[in-house]
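Chemist: return a 3D structure for these sequence lines:
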Amino acid sequence: MVDVCIIGAGVVGGMIAERLSKYELSLTIVDKGGDVALGATRANSAIVHAGFDAKEGTLKARLNVRGSQMMEETCKRLGVKYKRNGSLVVGFSDEDRETLKELKARGEKNGVTGLELLDREQILKIEKNIGDSVTCALLAKTGAIVCPYELCMAAVGLAMDNGAALKLDFDVVKIEREGEGYRVISGTGESVLAKCVINAAGVHSDDIAALVGDESFTVHARRGEYMLLDKECGRLISHTVFRCPSKMGKGILVSPTVDGNLLLGPTAEDIDDKSDVKTTAEGIAKIRASAAEQVSGVDFGKVITSFTGLRSVGSTGDFIINSPTDNFVNVAGIESPGLTSAPAIAEYVEGMLYDMGITLSEKQSYISERRPTHYFSSLTNEEKNEIIKEHPEYARVICRCELVTEGEIREAIRTNPPPRDIDGVKRRTRATMGRCQGGFCTPSIVEILAEELGIDYEEVTKLGGKSYINIGKTKSGD
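Modeler: Purely as a prediction, here's the structure:
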């Protein structure tokens, strides 16, 4: 029997695992996907929200502000890119100006610092490409950007380095009481017996809660479509630019990313299908129209990819973090600002476990930091040459768009949590993320993956399942 089983390997589950891995606890993380960070963590706005949007007095507001305060140090410790670029919520009318005043007052009640109301002239001093019809804005100096899936992988990886186990392709279909704990059972019959279970299953968290008889809440998916532009466009703006929010969320944003691209989106559409991540012509058109209003000069001809994410929207209007039965914790309805709140949610859950009487004794051998994922690219030429002397594979560039080397790919495959497919390598190294989207480097990555995983070339997939890259040889090789 393990001490804790965490259901869900997204950024929230990952941060909880990392937080608990410093204690003398046996941990197992399970996820239905073939990799970590495959849910909302893989496709979201990558924003560290300041905390002015959530209604004052809610758990969401409290954990947003606390998470924002924790995020910079968390990213530094986990070796993840973080940039405090600030955010602008822009308005186009007198009505919007009043809304911005309300947001500022709410943010100050929530404990957010560095909030300022700006007129158009003041906005132009910090963002010369702001949209022609923008008349006012709320500046939040503590707003920031990160890479959500890198944060998740680093958190899960550090937890694994500290002894946590990760079980993928583990689709939980049943949870049974057994002795003093719970048996968590997958669709294949594999199971984990745990003293305590933490439900961090994203859009499926209500389904998991129902397995222990808790039907006090529901969760539905809110689909959001995005467009990603080439790095050539990344300097069009420096702040994250939002519209005045509505009941459906914070609206379309225009934001630089920590890797230098420009991100547009998301749309917001409530749907019943919790797996529907298609992009639509209507969604893309909506993004284009809104982004062009907010920021002038967006070159839509530089779009290199579009994608869709699903947000987990709970029926209570707030984060749902509770214990409906002994040693079972729900962490559900974690919509925006869930990414921002993740370190604070982990801290909160840690406190819940302590209150439950679970012993939290710190490990003597705890590993508290992780080497940056992209450390090689940040080295000086002299430092790179020293590594290349011993490991020549770091001199061979595989992905020319992102300048990712063979050495970096092989190292990623050997690092917790290890990737098993092309998209897994992409999320860890950025190989195939450039303007050619893997048009040149994919064959080489397939070759490296096959060699490192000890499988045939034809067995390598793009994203698991039957998404094979190659279907057979055209020559015998004789």
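Chemist: hey, let's count contacts and neighbours off CA atoms from now on
Modeler: Noted.
Chemist: how much space separates the nearest residue to residue 368 once chain neighbours are set aside from residue 257?
Modeler: Nearest residue to residue 368, sequence neighbours excluded (CA to CA, 6 or more residues apart in numbering): residue 77, at 7.2 Å. Counting by CA to CA, to the nearest Å, the gap from residue 77 to residue 257 is 20 Å.
Chemist: ok so, going back, element containing the residue nearest to residue 368, please.
Modeler: Assessed by DSSP states H and E, residue 77 sits inside helix 59-78.
Chemist: and the helix or strand that that helix is followed by, which strands flank it?
Modeler: Once the chain leaves helix 59-78, the next helix or strand it forms, by DSSP H and E, is strand 82-83. Using DSSP bridges, strand 82-83 pairs in its sheet with strand 144-146 (antiparallel).
Chemist: if we can go back for a sec, got a list of what the residue nearest to residue 368 touches?
Modeler: Counting by CA atoms under 8 Å, 6 or more residues apart in numbering, residue 77 touches 368, 369, 370.
Chemist: and those, which of them are buried?
Modeler: Applying 16 or more other CA atoms under 10 Å to those, the neighbour count classes residue 370 as buried.
Chemist: dump the residue contacts of residue 416.
Modeler: By CA under 8 Å, 6+ apart, residue 416 lies in contact with 156, 157, 158, 160, 161.
Chemist: and it, how far from residue 154?
Modeler: Distance, residue 416 to residue 154, using CA to CA: 8 Å.
Chemist: how about the helices in the stretch 1-150 of the chain?
Modeler: Using DSSP state H, counting those that start in this stretch, the helices found in the stretch 1-150 of the chain span residues 11-20, 59-78, 94-110, 120-126, 148-161.
Chemist: residue 48: which of those helices is closest?
Modeler: Residue 48 sits nearest to helix 59-78 of all the helices of the stretch 1-150 of the chain, at 6.2 Å, using CA to CA.
Chemist: okay, the angle between that closest one and helix 11-20?
Modeler: Relative orientation of helix 59-78 versus helix 11-20 (axes from the mean of the first three to the mean of the last three CA atoms, to 10 degrees): 60 degrees.
Chemist: which positions within helix 59-78 qualify as buried?
Modeler: For helix 59-78, a neighbour-count test (16+ other CA under 10 Å) marks 60-72, 74-75, 77-78 as buried.
Chemist: please apply the same query to stretch 314-325.
Modeler: Across stretch 314-325, burial judged by 16+ other CA under 10 Å covers 314, 315, 318, 319, 320, 321, 323.
Chemist: same check on stretch 322-340?
Modeler: Neighbour counts over stretch 322-340 (16+ other CA under 10 Å) mark 323, 327-340 as buried.
Chemist: pull the number of nearby residues for residue 390.
Modeler: Residues lying near residue 390 (other CA atoms under 10 Å) number 9.
Chemist: my read: residue 413 touches residue 425, true?
Modeler: Yes. In this structure, residue 413 is within contact of residue 425 by CA atoms under 8 Å, at 7.3 Å.
Chemist: so what sits against both of the two?
Modeler: Listed as contacting both residue 413 and residue 425 by CA under 8 Å, 6+ apart are residue 419.
Chemist: figure out how far stretch 333-345 is from the centre of its chain.
Modeler: Relative to the chain's own centre, stretch 333-345 is displaced by 10 Å; criterion: CA atoms, centre = their mean, to the nearest Å.
Chemist: please shift the residue numbers so they start at 6 in all later answers.
Modeler: Got it, first residue is 6 now, which makes that one stretch 338-350.
Chemist: only alpha carbons, please: show it as PDB.
Modeler: This file holds the C-alpha atoms of stretch 338-350, laid out as PDB (Å, rounded to 0.1, in the frame of the first residue of the first chain):
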ATOM      1  CA  GLY A 338     -13.200  22.800 -11.100                       C
ATOM      2  CA  ILE A 339      -9.700  24.200 -11.500                       C
ATOM      3  CA  GLU A 340     -10.300  26.600 -14.400                       C
ATOM      4  CA  SER A 341      -8.400  29.800 -14.900                       C
ATOM      5  CA  PRO A 342      -6.500  30.900 -12.900                       C
ATOM      6  CA  GLY A 343      -5.600  27.300 -12.200                       C
ATOM      7  CA  LEU A 344      -2.100  27.400 -13.700                       C
ATOM      8  CA  THR A 345      -1.300  30.400 -11.500                       C
ATOM      9  CA  SER A 346      -2.800  28.900  -8.500                       C
ATOM     10  CA  ALA A 347      -1.100  25.500  -8.800                       C
ATOM     11  CA  PRO A 348       1.700  26.000  -6.400                       C
ATOM     12  CA  ALA A 349      -0.700  27.500  -3.800                       C
ATOM     13  CA  ILE A 350      -3.200  24.600  -4.400                       C
END
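Chemist: who touches that stretch?
Modeler: Against stretch 338-350 from outside (CA under 8 Å, 6+ apart): 16-17, 20-21, 46, 51-54, 65, 68-73, 75-76, 79, 153, 207-208, 210, 224, 316-320, 323-325.
Chemist: ok, stretch 206-215 next?
Modeler: Applying CA under 8 Å, 6+ apart, the external contacts of stretch 206-215 come out as 12-15, 18, 44-45, 177, 204, 220, 222-226, 279, 315-318, 335-339.
Chemist: can you list which of those are found in strands?
Modeler: 12, 177, 204, 224-226, 315-318, 335-337 (DSSP state E).
Chemist: now, among the buried residues of stretch 327-345, which is nearest to residue 364?
Modeler: Comparing those against residue 364 with CA to CA places residue 332 closest, at 12.6 Å.
Chemist: my read: the closest one touches residue 200, true?
Modeler: Yes. At 7.0 Å, residue 332 counts as touching residue 200 under the criterion of CA under 8 Å.
Chemist: okay, and the common contacts of the two?
Modeler: In contact with both residue 332 and residue 200: residue 186, using CA under 8 Å, 6+ apart.
Chemist: can I get stretch 447-466 in PDB, CA atoms only?
Modeler: Presented in PDB, the C-alpha positions along stretch 447-466 are these (Å, rounded to 0.1, in the frame of the first residue of the first chain):
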ATOM      1  CA  THR A 447      10.900  14.400 -37.600                       C
ATOM      2  CA  PRO A 448      12.700  11.500 -39.400                       C
ATOM      3  CA  SER A 449      15.800  12.000 -37.200                       C
ATOM      4  CA  ILE A 450      13.700  12.200 -34.000                       C
ATOM      5  CA  VAL A 451      12.000   9.000 -34.900                       C
ATOM      6  CA  GLU A 452      15.400   7.400 -35.400                       C
ATOM      7  CA  ILE A 453      16.600   8.600 -32.000                       C
ATOM      8  CA  LEU A 454      13.400   7.600 -30.200                       C
ATOM      9  CA  ALA A 455      13.500   4.100 -31.700                       C
ATOM     10  CA  GLU A 456      17.100   3.600 -30.600                       C
ATOM     11  CA  GLU A 457      16.600   5.000 -27.100                       C
ATOM     12  CA  LEU A 458      13.400   3.100 -26.400                       C
ATOM     13  CA  GLY A 459      14.600  -0.100 -28.000                       C
ATOM     14  CA  ILE A 460      11.800  -0.400 -30.500                       C
ATOM     15  CA  ASP A 461      11.500  -0.700 -34.200                       C
ATOM     16  CA  TYR A 462      11.500   2.500 -36.400                       C
ATOM     17  CA  GLU A 463       7.900   1.800 -37.500                       C
ATOM     18  CA  GLU A 464       6.700   1.500 -33.900                       C
ATOM     19  CA  VAL A 465       7.400   5.200 -33.100                       C
ATOM     20  CA  THR A 466       4.200   7.300 -32.900                       C
END
